[in-house]
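Q: Build me a model from this:
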Amino acid sequence: MTSTLLGTLLFDGNDNLVECSGVGQARVADIKQLSVVPLDKEGYGAVKVNGTDMTAYLYKRGEMTLVSYQNS
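A: Okay, the predicted model is just below:
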């Protein structure tokens, strides 16, 4: 099965929304929870989005975190 990009969130180190697209527009409230997801030493992480069939893939570089919502 191929994953499909459903939307994105981009937020800064103070949990302020910078940009969003697709389902990310309706998931802005996720930022507080996503900001504490453990990331590996390269800044990558992933977490299943409760109550959905989506996975949130995270990448943090500097003070910016990009979240990619994809179907699971």
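Q: Look up how far Gly43 lies from Asp53.
A: Distance from Asp53 to Gly43, counting by C-beta to C-beta, to the nearest Å: 25 Å. Quick note: C-beta positions are derived from backbone N, CA and C, even for glycine.
Q: Could you do Val28 as well?
A: Val28 is 21 Å from Gly43, where distance means C-beta to C-beta.
Q: Leu34: neighbouring residues, count only.
A: Residues near Leu34, counting by other C-beta atoms under 10 Å, number 19.
Q: Which of the three states applies to the closest residue to it other than its chain neighbours?
A: In space, and not counting its chain neighbours, Leu34 is closest to Val67: 5.7 Å by C-beta to C-beta, 6 or more residues apart in numbering. Classification of Val67 by DSSP: H, G, I helix; E, B strand; the rest coil places it in strand.
Q: Report the contact partners of Val67.
A: 8-11, 24, 30, 34, 56-58 (C-beta atoms under 8 Å, 6 or more residues apart in numbering).
Q: from those, which two are the most distant?
A: For the contacts of Val67, the farthest-apart pair by C-beta to C-beta is Phe11 and Tyr57; their separation is 14.3 Å.
Q: Give me the more crowded residue out of the two.
A: Taking neighbours as other C-beta under 10 Å, Phe11 and Tyr57 compare with Phe11 leading, 23 against 17.
Q: which stretches of the protein form strands?
A: Taking DSSP state E, the strands of the chain run over residues 5-11, 17-22, 44-48, 54-61, 64-71.
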